[in-house]
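> Kindly return the folded structure for what I paste below:
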Amino acid sequence: MDADSLLEAGLTYDVEGPVATITLHRPDVRNAQTPTMWRALADLGAALPEDVRVVVVKGEGHSFSAGLDRSMLDPANASGEESVAGLLALSDAEVSATIDAYQRGFTFLRDPRFVSIAAVQGYAIGAGFQLALSCDLRVLAHDAQLCMKESALGLVPDLTGTKPLVECVGYARALEICATARMVGADEAVAIGLALTSVPADELDATVADLVGALTAPLVGAVRETKHLLQGAADRSLDEQRRLEREAQTRRFRELAALMGAGRQE
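Residues are numbered from 1 along each chain as shown. Predicted coordinates for the structure are as follows:
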């Protein structure tokens, strides 16, 4: 997608060396999300250059994302834009396929090729919270407020946020956060494992930049292999995990030996 099309979808995108930055850019509505934005995110994810090692997701202005644009739930919405309310006219199979397409705007952030970071300031509500949860790491400003708002609307979280939430905080706490739709502040988020750290808002960008630097310092293969090993570790048996570690380490030995050989030839 070109820059104008992305901006129309409410996004900006920049690649500088090994770092891609995706910015939700609808500050007038606190970066509220739409189906058009989700489809654009999926397209961006599919087109990320192979040499990107870190993807940073952030929001323009004082909020990460206030969640779904409420006009997308209004059956009377005459904007002509694809809406969530429009799902009501579809068959069950069509609803499922459409939500699957929306989810792809979130799932690409788990790709083992890179590490994804959510830089969260202000509100991360509903779809905003789920987008942050889709990232591998979360860095929060002190004013961050996280909320899984869907139950208050009679809905469930369906943009892939439930699995990482349980992985971060456990079943009981995840159920309480989702079912009550309460706000989780930055300090609590750090304490229960939802975020790496919380910093003053004016230090958020610098903190994320330091983290990006640390993540891009090791050889790219080592970070990619490690992310792949860790992602599925909880669901694997010890023997399976041991096998994958051995195979990954063998690949690392081969690559390092090749690099050393190339260095000697120079």
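
> what sits against Ser71?
Counting by C-beta atoms under 8 Å, 6 or more residues apart in numbering, Ser71 touches 77, 79, 83. In short, each C-beta sits where N, CA and C put it, glycine included.

> confidence score at it?
Looking at Ser71, its pLDDT stands at 87.

> Please apply the same query to Leu88.
Note for Leu88: predicted pLDDT of 88.

> how close does it sit to Ala186?
Separation of Leu88 from Ala186 (C-beta to C-beta, to the nearest Å): 37 Å.

> Turn the contacts of Ser71 into a markdown table, columns for neighbour count.
Converted to a markdown table, those look like this (neighbours: other C-beta atoms under 10 Å):
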| residue | neighbour count |
| --- | --- |
| Asn77 | 16 |
| Ser79 | 11 |
| Ser83 | 19 |
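
> Just the closest of the residues you listed to Ala119, please.
Ser83 (28.4 Å; C-beta to C-beta).

> Can you lay out the contacts of Ser71 as a markdown table showing secondary structure, pLDDT and distance to Glu94?
Shown next, in a markdown table, are the contacts of Ser71 (DSSP: H, G, I helix; E, B strand; the rest coil; pLDDT from 0 to 100; distance: C-beta to C-beta, whole Å):
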| residue | secondary structure | pLDDT | distance to Glu94 |
| --- | --- | --- | --- |
| Asn77 | coil | 75 | 19 |
| Ser79 | coil | 75 | 21 |
| Ser83 | coil | 88 | 14 |
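
> Looking at those, which is nearest Arg182?
Ser83 (27.4 Å).

> For the closest one, give its distance to Met72.
Between Ser83 and Met72 the computed distance is 5 Å (C-beta to C-beta).

> So for these two, which residues contact both of them?
In contact with both Ser83 and Met72: 34-35, using C-beta under 8 Å, 6+ apart.

> that older thread, of Leu88 and Ala186, give the one with the bigger neighbour count.
Ala186 (22 against 9; other C-beta atoms under 10 Å).

> The more buried one contacts Ala132, doesn't it?
No: applying C-beta atoms under 8 Å as the test, Ala186 and Ala132 come out as separate, 11.9 Å apart.

> What confidence value was assigned to the closest residue to Ala124 other than its chain neighbours?
For Ala124, ignoring the flanking residues on the chain, the nearest one in space by C-beta to C-beta, 6 or more residues apart in numbering is Phe64 at 4.4 Å. Per-residue confidence for Phe64 comes out at a pLDDT of 98.

> Could you do Leu165 as well?
98.

> residue contacts, it?
133, 148, 157, 174, 177-178, 194.

> how far away is it from Arg138?
For Leu165, the distance to Arg138 (C-beta to C-beta) stands at 11 Å.

> So for these two, which residues contact both of them?
Common neighbours of Leu165 and Arg138 (criterion: C-beta under 8 Å, 6+ apart): Leu194.

> Pick out the most distant pair among the contacts of Leu165.
Across these, the longest distance by C-beta to C-beta is 14.3 Å; it joins Pro157 and Leu194.

> next SSE after the helix or strand harbouring Ala124?
Taking DSSP states H and E as the criterion, Ala124 maps to strand 123-125. As assigned by DSSP H and E, the chain's next helix or strand after strand 123-125 is helix 127-134.

> so what secondary structure elements neighbour that next one?
strand 54-59, helix 92-107, strand 115-120, strand 145-147, helix 162-169 (3 or more C-beta pairs under 8 Å, 6 or more residues apart in numbering; DSSP states H and E).

> Compute the distance from the centre of it to the centre of its chain.
Counting by C-alpha atoms, centre = their mean, to the nearest Å, helix 127-134 is centred 6 Å from the centre of its parent chain.

> Hey, what's the angle from it to helix 162-169? Just curious.
Counting by axes from the mean of the first three to the mean of the last three C-alpha atoms, to 10 degrees, helix 127-134 lies at 60 degrees to helix 162-169.
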